[in-house]
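**Q** Quick one: sequence plus predicted model below, questions after.
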Amino acid sequence: MNRVLIKNAKIVNEGTIFEGDLLIEDKYIVEIAESISAKSSTTKIIDAEGNYLIPGAIDDQVHFREPGLTHKGNIASESRAAVAGGITSFIEQPNTVPNAVTQELLEQKYQIASETSFANYSFMMGGTNDNLEEVLKTNPKNVAGIKLFLGSSTGNMLVDNEEVLEKIFSSTPMLIAVHCEDEATIKANLEKYKAEYGDDVPATVHHLIRSEEACYISSSKAIALAKKTGARLHIFHLSTAKEMELFTNKIPLEEKKITAEVCIHHLWFTNEDYAKKGNFIKWNPAVKTQKDKDALWEALLDDRIDVIATDHAPHTLEEKSLPYLQAPSGGPLVQHAVVAMFEAHHQGKISVEKIVEKMAHNPAKIFKIEKRGFIKEGYYADLAIVNPGMPWNVKKDNILYKCGWSPFEGYNFKSRITHTFVNGQLVYNNFKVKDIKCGERLLFDR
């Protein structure tokens, strides 16, 4: 039997931090107490004194690029980077090649992950203008949700037929996750800047092309449609101050029919960073102004925003080095997301309890994930140990993404993930990922 005893940890769970011990047997947390003694000589003991023990983060939005785009990343490489970053479960998006828009194509991704994933996994079913029948076949027990692109991005899965949208919203009981940017607004803005700059449009205007207005028009429409149809709506990667008025903190998360996510990059960077980082911080939706970033932080802390995710979306250095108009949007983040939030904690912006709430508890609640996202007896032992005082520098030789680069390259983080457990297995230890692919398919209590 796999038995691990973690001693003297600062255990973070449901708004509290208490010093104590935790015992893992096989896949599960079996005991949490002030002091636990090893029950057998085969028990592995880890002394976590001075370190935080947190539930493994659940990233509700990643793009791991398999199948079809595996020169950028694949399920094995990117899940490996995720566990090194304390992310133990991920929900991947359908804009792979081919797009996951039939049940057969969706299940092929689950099959690949069952053989290669270091972390627990789920894959979203993609909606299009003409696959409603396939969408409605999706099993709510073992698929995270339905993903709709209401603005085109990598893979061009744009759903712009309003009649189809309303049908999807009104006919599926499943969570519908949306990418919200208004296509007509973006196209008009792009033409304006092309007229000004020709083919040499600079990355510094990305946030003006994919503008605040483009985001607000689309997200407000999606919310109006959800209210009209009663759909369960989750809006991905919010990026503007204006959109914050669309969300509420007046009701408990469990009662919300409309929930919101913010991503690491929108909390970290602003448009001022384009001058230095250019396409390497080119995301859709765009990183916007300091005012927007401040509003996102405020909404995150007062619970209008429910989840922190990554939108991890690797592209090669060669692709990102192309001129702005040709360079794809997206960047890799799973290895550095948790420590980036701990950096914000060191800066006095957010408590450790709040980080855990937004990166583990709330994704588990929103998607109704079975027995994950909390440190509780009987739950799966998906855990990370964080040393808050072990500085390290992000550089090429410690970046695990297949694409080999990070928007955080050169940054010194104060905190480091020292251990990660997935289903009770120690998959990451002493800054090395073990070759243990023990990720399991996420199941949902619905």
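**A** Great, that's in hand. Numbers count the residues shown, from 1 in each chain.

**Q** can we go C-alpha only for contacts and neighbour counts from here?
**A** Noted.

**Q** low pLDDT regions in this structure?
**A** The chain contains residues with pLDDT under 70 at 151-156.

**Q** now the strands: where do they sit in the stretch 251-400 of the chain?
**A** Under the criterion DSSP state E, counting those that start in this stretch, the stretch 251-400 of the chain carries strands at the ranges 258-263, 307-309, 383-387, 392-393.

**Q** which of those is buried the deepest?
**A** strand 307-309 (a mean of 29; mean count of other Cα atoms under 10 Å).

**Q** sorry, back to before: could you name the stretch from the strands of the stretch 251-400 of the chain that's closest to Asn429?
**A** Nearest to Asn429 among the strands of the stretch 251-400 of the chain is strand 383-387; the distance by Cα to Cα comes to 9.6 Å.

**Q** Output stretch 361-378 in CSV with nothing but the alpha carbons.
**A** The C-alpha trace of stretch 361-378 is given here as CSV (Å, rounded to 0.1, in the frame of the first residue of the first chain):
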residue,chain,number,x,y,z
HIS,A,361,-12.1,25.1,-4.1
ASN,A,362,-14.1,27.2,-6.6
PRO,A,363,-13.3,25.3,-9.8
ALA,A,364,-14.3,22.1,-7.9
LYS,A,365,-17.6,23.8,-6.9
ILE,A,366,-18.4,25.4,-10.3
PHE,A,367,-17.9,22.2,-12.2
LYS,A,368,-19.1,19.9,-9.4
ILE,A,369,-15.9,17.8,-9.5
GLU,A,370,-16.1,14.7,-7.4
LYS,A,371,-13.8,14.5,-4.4
ARG,A,372,-11.2,17.0,-5.5
GLY,A,373,-10.2,20.6,-4.8
PHE,A,374,-10.3,20.3,-1.0
ILE,A,375,-8.1,18.9,1.8
LYS,A,376,-10.7,16.5,3.4
GLU,A,377,-10.6,13.0,4.6
GLY,A,378,-12.0,10.7,1.9
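
**Q** mind listing what's buried in that stretch?
**A** Neighbour-count burial for stretch 361-378, counted by 16 or more other Cα atoms under 10 Å, picks out 361-377.

**Q** try stretch 85-102
**A** 85-96, 99-102.

**Q** Among these, which one lies nearest to Ala195?
**A** Nearest to Ala195 among those, with distances taken as Cα to Cα, is Asn95, at 30.7 Å.

**Q** For my notes, confirm that closest one occurs in a helix.
**A** No. Using DSSP: H, G, I helix; E, B strand; the rest coil, the assignment for Asn95 is coil, not a helix.

**Q** right, and it touches Phe149 too?
**A** No. Counting by Cα atoms under 8 Å, Asn95 stays clear of Phe149, with 9.4 Å between them.

**Q** which residues do these two both contact?
**A** Met157 (Cα atoms under 8 Å, 6 or more residues apart in numbering).

**Q** Just the terminal-to-terminal distance for stretch 305-319.
**A** 32 Å (Cα to Cα, to the nearest Å).

**Q** For that stretch, which residues meet the burial criterion?
**A** 305-316, 319.

**Q** And for stretch 437-446?
**A** Buried residues in stretch 437-446 (16+ other Cα under 10 Å): Lys437, Cys438, Gly439, Glu440, Arg441, Leu442, Leu443, Phe444.

**Q** Ok, stretch 343-350 next?
**A** Glu343, Ala344, His345, His346, Ile350.

**Q** And for that stretch, what's in contact with it?
**A** Here stretch 343-350 makes contact (Cα under 8 Å, 6+ apart) with Leu301, Met341, Ser351, Val352, Phe413, Lys414, Ser415.

**Q** Compute the number of surrounding residues for the third one.
**A** The reference is to Ser351. By the criterion of other Cα atoms under 10 Å, Ser351 has 16 neighbours.

**Q** quick one, phi/psi of it?
**A** In terms of degrees, to the nearest 10, the main-chain angles of Ser351 are phi -80, psi 160.

**Q** Could you pull up the residues touching it?
**A** Ser351 makes contacts with His345, as judged by Cα under 8 Å, 6+ apart.
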